[in-house]
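> the following comprises the amino acid sequence and a computationally predicted model.
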Amino acid sequence: MSVDLSKCLVIGVSSRALFDLEAANRVYETEGVDPYTRYQLAKVGEILQPGSGFPLIQAILRLNERVRGPEQRRAEVVIVSKNNPATSLRLFDAIKHHGLDIQRAILTGGAPTAPYLRAFDMDLFLSASSPDVQQALCAGIAAGLIYPTPSTLADPRNQIRIAFDGDAVLFSDESERIFQQQGLPAFHEHESRNAHVPLADGPFARLLRTLSLLQGNNPAESSPIRLALVTARSMPAHERVIRTLHAWNVRIDEAFFMGGVSKTPIRQTFNPHIDFDDQEIHCDPASKVVPTARVPLRLKTARRPGRGHERLSDCHPLQSIALVRSPPRHAPQSSGRDDPKAHDRRDITAHHGKRLSDRRSEGQSQSTGHPELCRRPDSCLRESGRGRLPRQAS
């Protein structure tokens, strides 16, 4: 009998995101494929140390300790790597050594990984390779470019803590583009005028809904997951965000409207297992103190004559997001968490063992991952070059 991974949270993680493989990657980048292969085979037996994604993966897998029996697993982790089986021996030894209950892997031998992610019904993909992350986003899967390991990692034994930026991560970048093109007064006026109109889905909206369902009705102090929103917005732009989260029927435990103040101290205090943001100016300092992943949504191109803005790529994930609303503005709002079809969220029962409806057939147009909305997915795959190792081993 086949396993249905749609019943649980599924995280895909590259080998470089899970373990510290920077030395091996430098060999690959400076010397090439064959020296890299020899290096990895010679290092078999040397245990890899945790990387930036390790605390999150370890904490995610601990969700399964809260239930009984293999049929009720809440979370699954899939290794996603462009290595071949021979160069992956060291990776699997490290997984066993660190006691990670990881049962599945994708090893593409240099081919793009994005086409295989949907086969595992992934909710999130973490990688140290920018092209791989962009391809996953283009395929409609929440994905983050993980930064090098900070000096201090969050305690994996505590509740899972995840921090999100708002615009261009949880929400679409529609409002942020108004700020960038027209300035702060126009942005505030737009958000005040649309305070009662829910923001459109961003690339991480569906992941947020899945995590919210896993929170269940547990009190915040005993919930297995604690979520924070850390946004550069300030009053009066806060109202639309709060009303959107209410319309989505999701729970954010902590929210910080920074209004231009540095986000780094807040992130360090919240101490997340991972923090997601779309801007390097925020990710760079945060990555020094907490595990950080950037959502690389913007692809810069040459400005057209007479135009003052950047054109989005034909295969840009925000094109997909811009075409959908969650829910449509003319549609009635969800009546509550017990609505199994609300917002195309993952249908997980109180025991996380039985799907209430098939999200792939119900309300697919609400999802950022509709395969038809990405107009040129082949162009993303061509960036890495099918059939050969990419610029970065993962």
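Now that the structure is in, tell me what you want to look at.

> contact partners for residue 242?
Residue 242 sits next to residue 255 when contact means C-beta atoms under 8 Å, 6 or more residues apart in numbering. Heads up, the C-betas are built off the backbone N, CA and C, glycines and all.

> what domains does the record give for this structure?
Domain assignment for the chain by automatic domain parsing gives 5-150+380-384, 160-372.

> deepest-packed of these, please.
domain 5-150+380-384 (a mean of 20; mean count of other C-beta atoms under 10 Å).

> reformat the domains of the chain as a markdown table; add mean pLDDT.
Putting these into a markdown table (pLDDT from 0 to 100) gives the following:
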| stretch | mean pLDDT |
| --- | --- |
| domain 5-150+380-384 | 89 |
| domain 160-372 | 72 |
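
> please name the residues that touch residue 27.
Counting by C-beta under 8 Å, 6+ apart, residue 27 has contacts 35, 36, 39.

> helix, strand or coil for it?
Three-state assignment for residue 27 (DSSP: H, G, I helix; E, B strand; the rest coil): helix.

> can you check residue 261 too?
Following three-state DSSP, residue 261 is assigned to coil.

> need the phi and psi values for it.
In terms of degrees, to the nearest 10, the main-chain angles of residue 261 are phi -70, psi 150.

> and the one 3 residues further on, by the same measure?
Torsion angles at residue 264 (phi, psi; degrees, to the nearest 10) stand at phi -60, psi -50.

> test my guess that it contacts residue 287.
No: Residue 264 is beyond contact range of residue 287, at 9.5 Å (criterion: C-beta atoms under 8 Å).

> quick one: the helices in the stretch 1-150 of the chain?
For the stretch 1-150 of the chain, the helices defined by DSSP state H, counting those that start in this stretch occupy 15-18, 22-31, 33-42, 54-61, 89-97, 114-117, 130-138.

> nearest to residue 163, out of those?
Closest to residue 163 of the helices of the stretch 1-150 of the chain, according to C-beta to C-beta: helix 54-61, at 11.4 Å.

> and the closest one, what does it pack onto?
strand 9-14, strand 75-81, strand 160-164 (3 or more C-beta pairs under 8 Å, 6 or more residues apart in numbering; DSSP states H and E).

> dump the C-alpha coordinates for the longest one into PDB.
C-alpha atoms of strand 75-81 as PDB (Å, rounded to 0.1, in the frame of the first residue of the first chain):
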ATOM      1  CA  ALA A  75       5.800  15.200   9.900                       C
ATOM      2  CA  GLU A  76       8.100  13.800   7.200                       C
ATOM      3  CA  VAL A  77      11.500  15.000   6.000                       C
ATOM      4  CA  VAL A  78      12.900  14.300   2.500                       C
ATOM      5  CA  ILE A  79      16.600  14.700   1.700                       C
ATOM      6  CA  VAL A  80      16.900  16.500  -1.700                       C
ATOM      7  CA  SER A  81      20.400  16.400  -3.300                       C
END
